[in-house]
Structure formats: C-alpha cells, structure tokens
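S.K.: using only what follows, build the 3D model:
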Amino acid sequence: MNTSLASARIDSWLWAVRIYKTRSMATTACRAGHVRVGGERVKASHAVKVGDEIRVRESGFDRIVEVQRIVVKRVGASVAAECLIDRTPPPPPREEVALVPMRDRGAGRPTKRERRDLEKLRGRDAVAYDPED
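M.R.: Numbering: from 1, shown residues only. Below you'll find the model as predicted:
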C-alpha cells in the first residue's frame with residue numbers, strides 16, 4: 001500500500017474505506033449531491049486530501065468523517081478505520097424519534113377526519129378550499 005499519495009478521487013476513497021459498498025454507489029451519491037467536502041457539494045472526481053471533512057447523507061442523517069490517510073484500493077475494515085476519524089454525532093434516542101402512524105392492514109382508506117388528523121399530526125395544515133379564488 002502506497003501511503004505517500006497526496007490526494008485521491010472522493011468516490012474512490014469513499015469506496016476504499018468502506019463507506020459505500022461499490023464505487024458506482026459512491027459515484028451515484030456524489031452525483032445526487034449526498035456528498036459534501038467542507039460544506040460544498042462535490043463531483044465524484046473531486047480530489048480529497050488529508051484533513052478534509054466529508055459529510056455523507058445516509059438514510060436521512062449526515063455521517064461526518066475526517067480524512068486521516070489517503071487510500072485508493074479497497075482495504076480491510078481495521079485498516080479502513082485507521083484512514084478516517086468518525087465525527088458523526090450519536091443518533092437521537094428512539095423515544096425522541098417520532099413514529100410514523102400506521103393504519104391496520106385492511107382498514108381501507110382514511111376518512112376525511114382521519115386524514116385531517118394525520119395532516120395536523122405531521123404539522124401540515126390542510127389547505128382550505130376557497131371558492132373565491
């Protein structure tokens with residue numbers, strides 16, 4: 001393994017340190033804008049250097065890592081852990097995460113009252129119909 005590299009493509013680095021399962025998944029995430037370096041959205045060809053802060057959007061939360069070492073070939077999990085510092089804050093406790101209301105299977109469509117209650121619960125007031133418009 002060559003540790004004298006000054007920089008590497010971000011999609012290659014994300015794949016090498018096992019943040020993404022494949023390099024094409026890392027490239028797709030960069031194209032979709034889910035990868036940021038220093039707060040800026042980057043393309044897959046962006047050069048990443050030691051000390052860069054990378055934010056990766058995964059399932060609604062940001063994963064924050066700092067580059068410690070540049071690698072371009074996929075490495076083992078123990079070596080990959082040495083190549084980055086994970087600064088991701090811990091997820092909120094399960095009690096604080098709002099549960100999505102689920103309807104019983106076979107209950108049919110919600111009534112108008114149930115729909116309005118759901119919208120109120122989600123914080124979205126239903127738009128009132130105004131015949132004057």
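S.K.: can you give the distance from the longest helix out of those in the chain to the centre of its chain?
M.R.: Scanning the chain for the helix with the most residues, using DSSP state H, yields helix 112-122. Centroid displacement of helix 112-122 relative to its chain, using C-alpha atoms, centre = their mean, to the nearest Å, is 29 Å.
S.K.: got it, and stretch 16-25?
M.R.: Distance, centroid of stretch 16-25 to centroid of chain: 13 Å (C-alpha atoms, centre = their mean).
S.K.: ends of it, how far apart?
M.R.: Using C-alpha to C-alpha, to the nearest Å, one end of stretch 16-25 lies 12 Å from the other.
S.K.: check which residues of that stretch are buried.
M.R.: 16-20, 23 (16 or more other C-beta atoms under 10 Å). Just so you know, the C-beta spots here come from the backbone N, C-alpha and C atoms, and that holds for glycine as well.
S.K.: okay, and which of those residues map to helices?
M.R.: 16, 23.
S.K.: which among the buried residues of stretch 16-25 gets closest to C83?
M.R.: Closest to C83 out of the buried residues of stretch 16-25 is V17 (4.9 Å), distances taken as C-beta to C-beta.
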